[in-house]
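Turn this into a structure:
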Amino acid sequence: RTRAPRKATVHTVFLFFLPPAAAMNCATPQALDALQGRAAPTFPAMVERPSFIHPPRHPPPPDRTIYGTSWDNHIETAHFTIQWWSDSVSESQARASAEALEMGWQAFIEEQGWKPPVSSDSHYIWVLLDPDLGSTTGYTTEYVDSNYPEGLPVIYLNPTTLRDFGEPFYTSLCVHELMHAIQYGTRDYSWADDSSDTENWYWEASATHASELADPSVDGHQYASAWYADQPHLRYDSYVGSHQYGMFVFNAWLDEHHGAGTMQAVWTQAESMSGTPWPDIIEATTGSTAAQSWAGFTHAYGNEQMEESDLYGPVTTEGALEDGSQGRLDQLGTHYWTV
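All right, here's what the predicted structure looks like:
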């Protein structure tokens, strides 16, 4: 796509539409931990299947059907069943969810060739609108039974965020959670060490970048770049200050530097490398060492050379570089200096 040249005041423009700092709060990493039995679930539904979601009593018909029994309030699209039980949820919120999810499906599955979520060949993907999630904007979990031993993905969305943060944010949230449903069917979410962050950070960094892949014209996620740019010194898989969402900018760089579809190629590579840390998977995919990738990424970000630099937060620097300047960093963290 063609973009106008950037101007010196672009960062002021960026701050104008910046949503609240804690807007995105996806609980899918907590669901991953709960499904592994490593932590208590944040919400019971992360591991306890709602009674309405159950194996059908009859084989599915030639067309998609609902896997279970519907709540009273529901709408179906080509690939999703959007369901809710609270009177505070409106049909317009359900329609907005449906439109965003189908847009994501068209982009991810039909156009880009991502692996479809488990069960989607014969059943609608369950999407539950839950206004009682509090500060959690949504999460995606999976339920295991004899029909789907690999796990049936179920998406939970907080519809109040449509009102609170606006349509661009909500569109990004919906496709974010759809990407999680795709991830469940692509990657075994085990990890090799004691830190779940080593695995989970890239799920969030990828699902956030998925907003750009779904529709580049919807700018509802770029504000999250500040969660990297304000604290670039942190370890690559840190969760401090929502750093994991901000790391979507690394995926943006991968797709810009190595070509469109590179993040998707990383996930394809990850399918056969269960338990392997993501930097090693990225090395296997790109042919570059993790150090080389971070050097290229941080150079492009710090010097505002990325395609959407005008929408990203300015990076925090250590000041002017002087002889003898020193710094100590965790793995793949970065100190930016002005020269």
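
And for D63, the neighbour number?
By other CB atoms under 10 Å, 7 other residues sit near D63. In short, each C-beta sits where N, CA and C put it, glycine included.

so which strand or helix has it?
For D63, there is no host helix or strand (DSSP states H and E).

cool, T81 as well?
T81 belongs to strand 80-84, assigned by DSSP H and E.

Likewise for Y139?
Going by DSSP H and E, Y139 is part of strand 138-143.

Tell me how far that strand lies from the chain's centre.
How far strand 138-143 lies from its chain's middle: 12 Å, per CA atoms, centre = their mean, to the nearest Å.

now do stretch 72-81
The answer for stretch 72-81 is 23 Å, by CA atoms, centre = their mean.

What are the buried residues along that stretch?
For stretch 72-81, the neighbour count (16 or more other CB atoms under 10 Å) marks N73, H74, I75, T77, H79, F80, T81 as buried.

dump the residue contacts of the first one.
Think N73. Q83, W84, W85, V89, E91, A94 (CB atoms under 8 Å, 6 or more residues apart in numbering).

What are the phi and psi values at it?
Note on N73: backbone dihedrals following degrees, to the nearest 10 are phi -100, psi 120.

Could you list everything it pairs with in the sheet?
Bridge pairing for N73 (DSSP bridges) gives the partners W84.

And L35, what's its pLDDT?
Looking at L35, its pLDDT reads 89.

What does it show for phi and psi?
When read as degrees, to the nearest 10, the backbone of L35 gives phi -70, psi -30.

That one and Y139 touch, don't they?
No - in this structure L35 lies outside contact range of Y139 using CB atoms under 8 Å: 11.3 Å.

Can you work out which residues contact both of these two?
Common neighbours of L35 and Y139 are listed as M46 (criterion: CB under 8 Å, 6+ apart).

between the two, which one's more packed in?
Shown here are L35 and Y139; by other CB under 10 Å, Y139 has more neighbours (27 against 19).

I'd say the more buried one and Y156 touch.
Yes - using CB under 8 Å, Y139 is in contact with Y156, at 5.3 Å.

Please enumerate the shared neighbours of these two.
Residues touching both Y139 and Y156 by CB under 8 Å, 6+ apart: F43, L133, E177.

min pLDDT across the residues you listed, which one?
Confidence-wise, F43 trails the rest of those, at 92.

Could you tell me which residues make contact with that one?
Residues in contact with F43 (CB under 8 Å, 6+ apart) are A27, L133, T136, Y139, Y156.

From E212, how far off is the fourth one?
From Y139 over to E212 the distance is 21 Å, taken as CB to CB, to the nearest Å.

Likewise for the third one?
Using CB to CB, we find T136 at a distance of 23 Å from E212.

quick revisit: what is the nearest of the buried residues of stretch 72-81 to W267?
H79 (19.8 Å; CB to CB).
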